[in-house]
Structure formats: structure tokens, C-alpha cells
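S.K.: got a sequence here, can you model it:
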Amino acid sequence: MSHSSFLQAFRSSINDQQAIPPSYSPRDILALALSQGALDGLSTILARAAYDPNTSVQGIAQVIASLERVGIDFSGARAALASAVARHCVRCHRTYRDRENGPNACVIYHQSSDDTHDLGNTGLYPCLCQGMSAMFGVVEATGECYRGWHTDKPEQVDYISSSAIPCDGYNCGSNKPAFA
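M.R.: Below you'll find the predicted structure:
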């Protein structure tokens, strides 16, 4: 079956039945979904599933097994989870292990800066991230500048437009090594 006749048959079946005819294989469905961009956000969907406590562990194991069959290598992730190496986060300056890292592990709260300017003589000084809840002055700042993954790579941190402080300004050494 040619690609165009496949698409025509697929579209008419959707219009007629709102279901996929059983004559199409899962490979055909996957190929068409890929060509339509339906899987463009797959990494986001997989991340959401990985951190959702309601996602079946067996389902995740099946996805991993399927991805390994097509050449995705999870050995680095397995080794990191088994490792006892402690790392220094160059964003929040906490010690972490790879198995403890995740999308909510590193948090930086709003802080005023001597480099910021009074907003129109109001006595309010914005956080460098320009967060609306980060005004300093009469009201104390609340909220987060950053929430996400720890990192030991300074090039992954935005030190200019956030409250993150480089290690040399935090007195922890700019290249603190990982340790076991």
C-alpha cells in the first residue's frame, strides 16, 4: 500500500468510524503518528509518567524494554542510580547523589541584589529573575527563582538573571569535586 493511499484510507476510516481498522498494523500507526508530529512531546510525556506515582511500574518497564530493543541505551542511568558518588550542585550548593536528583530537587528562592535598582523610588527591589513575587522592600519576597534538577556543570546555570550564586561567591570552591 502506498503512503498516500494509506493516508486516504486512514482519514476515511477515522471519519466513518472514529476508530482504526484492524487491518493496519501497529507499525503503520506508529509511522503515521511520527509523520504527523504526534510524538514530538514524547520526552515530556515520558518524564511526566516517570514521576507520576499512579503510573504502573510494569508499564514503565515495558516502555524501557521496548526502547532498549530499538537501541536506546539506559546503562548510564542504571550506573548513576547504583553509584554512591556525591556531587556538589553549582546552582543551590547542596550535596546530591544522582539517584536523589529530579525535577524538584534543586530550589533557589528569590533574593534581592545590590545590583538591582529601586523601582521608581518605591523602595521595592526586584529579584534578578524579575519574578513578580520577588519584590523586596516593605513586603518580604516569597517564591522560587528556580525549581528543577541539580547540576554540577556551571555552564547549565543562569547566574545572570536568577538568584543563583557561583561557587566562588558562595565560598564553596568553584570546582568542588564529586566524592564517594
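S.K.: could you pull out the helices in the chain for me?
M.R.: 3-17, 26-35, 42-51, 57-69, 75-82 (DSSP state H).
S.K.: show me the protein divided up by domain.
M.R.: 1-40, 73-180 (automatic domain parsing).
S.K.: mean confidence for the first one?
M.R.: Regarding domain 1-40, the rounded mean pLDDT is 68.
S.K.: again with stretch 95-107
M.R.: For stretch 95-107, the per-residue pLDDT averages 90.
S.K.: can you check stretch 164-175 too?
M.R.: Average pLDDT, stretch 164-175: 74.
S.K.: name the residues of that stretch that are buried.
M.R.: By neighbour count on 16 or more other CB atoms under 10 Å, the buried set for stretch 164-175 is 164, 165, 167. C-beta: built from backbone N, CA, C; applies to glycine.
S.K.: wait, which of the residues you listed is closest to residue 61?
M.R.: Set against residue 61, the nearest of those by CB to CB is residue 164 (36.2 Å).
S.K.: against residue 155, how distant is the closest one?
M.R.: 13 Å (CB to CB, to the nearest Å).
S.K.: over to residue 106?
M.R.: For residue 106, the distance to residue 155 - CB to CB - is 15 Å.
S.K.: so for those two, which residue has more residues nearby?
M.R.: residue 106 (22 against 6; other CB atoms under 10 Å).
S.K.: isn't the more buried one right next to residue 147, touching?
M.R.: Yes - counting by CB atoms under 8 Å, residue 106 touches residue 147, with 7.2 Å between them.
S.K.: for the nearest residue to residue 170 once chain neighbours are set aside, grab phi and psi.
M.R.: Excluding the flanking residues, the one nearest residue 170 by CB to CB, 6 or more residues apart in numbering is residue 93, at 5.3 Å. Reported as degrees, to the nearest 10, the phi and psi values for residue 93 are phi 70, psi 30.
S.K.: residue 93: neighbour count?
M.R.: Neighbours of residue 93 using other CB under 10 Å come to 17.
S.K.: and for residue 145?
M.R.: By other CB under 10 Å, neighbour count at residue 145 equals 22.
S.K.: swap in residue 99?
M.R.: Neighbours of residue 99 (other CB under 10 Å): 12.
S.K.: ok, now the one 5 residues further on?
M.R.: Here the number of neighbours of residue 104 (other CB under 10 Å) works out to 10.
S.K.: burial of the closest residue to it other than its chain neighbours, as a residue count?
M.R.: Nearest residue to residue 104 in three dimensions, chain neighbours excluded: residue 147, at 5.9 Å (CB to CB, 6+ apart). Counted with other CB under 10 Å, the neighbours of residue 147 add up to 13.
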